[in-house]
Structure formats: C-alpha cells, structure tokens
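A.B. asks: Structure for the following, please:
(one chain, ligands or ions: 1)
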Amino acid sequence: MEIKNIFVVGAGFMGSGIAQTAIQSGYNVTIHDQSEGALERAKTNIGKNMDRLVSKGRMTEEQKAAALALLTTSSSIHTAANADLVIEAIFEDLNAKRAIFEELDKICPKDTIFASNTSSISLTSLAAATSRAEQVVGMHFFSPVPVMRLLEVVHGLRTSQEAIDAAMEVGKKMGKTMILAKDKPGFIVNRMLLPMLNEAVEILDEDIGTVADTDEGMKMGCNHPMGPLELADMVGLDILLEVMETFYNDLGDTKYRPAHLLRKMVAAGYLGQKSGMGFYQYENRKKVGVN
Ligand code: 3HC
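C.D. replies: Alright, predicted model coming up:
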C-alpha cells in the first residue's frame, strides 16, 4: 500500500519535528493534539524552522509554501479516518499510548499502519491494544527530528514484514538512514545513550565535576556534538526519568537506577529546555546560562 496521508498524534517537540520532516518529504500530514495551544505552537515552530532553511538557502519560498500546504492540524482524533499511517508521538506512558491506539483502531481503515515513536515502551504491548497487531511497528525518531539522520524501526513480536517495509519506505522518503531493532527496552540507541546521560547526572550528584566540565569532557574528549547534560535537557528530564524507570523495572538491573538528582530535578519542575530550566537555563529553548 502506498502511504500518502500521515496522522501524527502529539504536537510536542517530537511530533512537530516528525510532521515537519513528513511534509518536507511530500506527505499530507495532520497533526492531532487535544490542546489547541500545542497545535498552534507546533505550526509556529514548523514555520520558523522552515524560515531558517529558506534564509540559509536550503529551501525556496515556493518549496516552503508547498510543504506548509500539506499540513493540517486537528484537535479531533476522528480526522484519522483517512490516514494510511498513524505515528503516535505522545509522552512515554503505556496506558495513555494504549488508549490512543485502542481508539484509533476503531476510527482508522483496516489497512492503516500504526507506528509509535516510543523510545522505551514495549511495542508488543501497544500492539495488543489493537485488533491489528501485525500492522503495528516502531518508528523511533531522534531529536531534533528534521536534523538527525537516523530512524530506528522496531519489530514487535507480531509485526509483519509488510509493516516493517512500509516504515522503512517512509523513512527512506524522509531521507533517513534506518536500523532495525527488536522490541526490548530502549531498543538499540537509547539502551546505550540514556544510561550515559543518567551517569552524567550521577557524576554531578557525586560532585565529581561541574555541569560545564561534565559536558566539556564528552564534547572535547569524545567529539560528541553536545554534552550529556545539555542533551538530557533537550530530550527532557521527565522523559529521561521515565525511560530509566522503565529500564530499571523491566530489565531489573540496578545499573539502570535513575540518579537521585534526576528525580529531584523532575520533582522541582526542572524539565530542561521545554520548562526553561534544567541543568542550564533557557529562553525559547535557547541556552542562556547554567542553573
Ligand atoms: N529543529 C530543526 N532544525 C534544527 C533544530 C531544531 N530544533 N536545532 C538545530 N537545527 C538545525 C540548525 O538549523 C542547523 O541547520 P544547518 O546545518 O542547515 O545550518 C543545524 O541543525 C545545526 O544547528 P546549529 O548550528 O544551531 O547547532 P549545532 O551545530 O550545535 O547542532 C544539533 C545542533 C544538531 C542539535 C547538534 O548539537 C547535535 O547533533 N546534538 C546531538 C543531538 C542528539 O544526540 N540527538 C539524539 C537525542 S536522543 C533522542 O532523540 C531519542 C529519544 O528517544 C530520547
């Protein structure tokens, strides 16, 4: 089946990044969110990102207008009725994701493929909330989605080869490089990356190094484009905590225990870029100082 219409659930940083990448690749996209405010913000951010591409000569005004004409927003989940592919990109909560898939299962045609951008939750248990487990696949994007080249395609226990092929085809049209992972917490990339971010928080908590030195260490010593604490702020400290909790509970190894300081930061409302405060301070997601 040729994918033409994509329905993105969740208008946050990941959802809007996925939507932007999809319209730039010629797909008709509807972003759905219950919050009209979140939909407005997503539209504004996509427009601003494209303005930046135009000002850098990477996109023409005509290409921008053509891409934006493919974008629709909707606060009604029922607009998923014409979707060929659904990409769910809400917060990391198994029950919330299952509830959305259960609802979409009633709304979408039988051949619609359901993808989740989950970074840690079992795809097999999400698939079990639907009557189409063979058509449920993981499409795990990396942030910022329009920039990062990877798409991790995830194979649930019942995922069909057709669903894998469809996800790979969409990724290819979006210009991504694909890797295939089996369904186990964190898949391939986050299983390595997030414990490293958590360890950076431990290093800070144990007073081994400052925020600046911890980040500088990985940037200068290992050529990482961002330090781990800065990256944790970008990913979202709440998301990092949820993922580490999932690893700790599902894999049962204390090496995945979330850092105490991470729990305290989240409890204090310091969620990183999106809340304006994490290990650094932000204005409009731009770093302006150290916390
Ligand atoms: N949206 C769209 N484009 C963006 C962007 C955003 N939010 N942020 C930066 N960009 C673009 C810029 O416009 C610029 O484009 P250009 O090359 O056409 O000029 C390019 O990215 C580079 O940006 P900058 O020059 O401003 O800054 P940097 O060179 O420092 O790059 C970065 C920024 C791309 C974010 C780089 O620091 C980086 O690669 N960081 C690591 C990101 C990473 O590790 N992501 C994975 C996170 S883990 C994850 O997402 C999984 C999840 O499940 C937790």
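
A.B. asks: rest of the way, CA atoms for contacts and neighbours
C.D. replies: Noted.

A.B. asks: Looking at the stretch 1-150 of the chain, which residue is nearest the ligand?
C.D. replies: Relative to the ligand, the nearest point of the stretch 1-150 of the chain is F142 (3.4 Å; Cα to the nearest ligand atom).

A.B. asks: Can I take it that R52 is in a strand?
C.D. replies: No. Counting by DSSP: H, G, I helix; E, B strand; the rest coil, R52 is not found in a strand; it is helix.

A.B. asks: from now on call the first residue 56
C.D. replies: Sounds good: first residue 56 from here, last item R107.

A.B. asks: where does the stretch 156-305 of the chain come near the ligand, residue by residue?
C.D. replies: By the rule Cα under 6 Å from any ligand atom, the part of the stretch 156-305 of the chain lying against the ligand is 174, 197-199, 201-202, 280-281, 290.

A.B. asks: Can you tell me which of the residues you listed comes closest to K152?
C.D. replies: Of all those, S174 has the smallest distance to K152: 12.2 Å, by Cα to Cα.

A.B. asks: so how many other residues sit close to the closest one?
C.D. replies: S174 has 26 neighbouring residues, counting by other Cα atoms under 10 Å.

A.B. asks: so it sits right up against N245, yeah?
C.D. replies: Yes. Counting by Cα atoms under 8 Å, S174 does reach N245; the two are 6.9 Å apart.

A.B. asks: can you tell me which residues contact the closest residue to P240 other than its chain neighbours?
C.D. replies: Excluding the flanking residues, the one nearest P240 by Cα to Cα, 6 or more residues apart in numbering is S175, at 4.8 Å. Contact partners of S175, counting by Cα atoms under 8 Å, 6 or more residues apart in numbering, are 147, 239-242, 245, 298, 301-302.

A.B. asks: same question, V256
C.D. replies: Residues near V256 by Cα under 8 Å, 6+ apart: 284, 314, 316-317.

A.B. asks: same thing but 7 Å
C.D. replies: 314, 316-317 (Cα atoms under 7 Å, 6 or more residues apart in numbering).

A.B. asks: What's the mean pLDDT across stretch 164-180?
C.D. replies: Across stretch 164-180, pLDDT averages out at 95.

A.B. asks: ok, and which of the contacts of V256 reach the ligand?
C.D. replies: Among those, proximity to the ligand is found for none (Cα under 6 Å from any ligand atom).

A.B. asks: What about the residues you listed, which one has the most neighbours?
C.D. replies: L317 (22 neighbours).

A.B. asks: Could you look up the SS state of that residue?
C.D. replies: Classification of L317 by three-state DSSP places it in helix.

A.B. asks: What pLDDT is listed against it?
C.D. replies: 98.

A.B. asks: Equivalent analysis for E254, please.
C.D. replies: On the pLDDT scale, E254 gets 98.

A.B. asks: Roughly how far does it sit from the ligand?
C.D. replies: Separation of E254 from the ligand (Cα to the nearest ligand atom, to the nearest Å): 15 Å.

A.B. asks: how many other residues sit next to that residue?
C.D. replies: With other Cα under 10 Å as criterion, E254 counts 18.

A.B. asks: Which phi and psi values does the residue nearest to L235 when sequence neighbours are not counted adopt?
C.D. replies: Take L235 and drop its neighbours on the chain: the residue closest to it by Cα to Cα, 6+ apart is V208, 4.9 Å away. Phi and psi for V208, reported as degrees, to the nearest 10, are phi -90, psi 130.

A.B. asks: V208 and the ligand, how far apart?
C.D. replies: From V208 over to the ligand (counting by Cα to the nearest ligand atom), the distance is 12 Å.

A.B. asks: Model confidence at that residue, what's the number?
C.D. replies: 98.

A.B. asks: Please list all residues in contact with the nearest residue to T179 once chain neighbours are set aside.
C.D. replies: Setting aside the residues directly before and after it, T179 is nearest to G211 in space (Cα to Cα, 6+ apart), at 4.8 Å. For G211, the contact set (Cα under 7 Å, 6+ apart) comprises 178-179, 192, 237-238.

A.B. asks: How far does stretch 244-251 sit from its chain's centre?
C.D. replies: A distance of 14 Å separates the centroid of the chain from that of stretch 244-251, by Cα atoms, centre = their mean, to the nearest Å.

A.B. asks: just the strands in this protein please.
C.D. replies: 60-64, 83-87, 126-129, 140-143, 168-171, 191-196, 205-210, 232-237, 335-338, 341-345 (DSSP state E).
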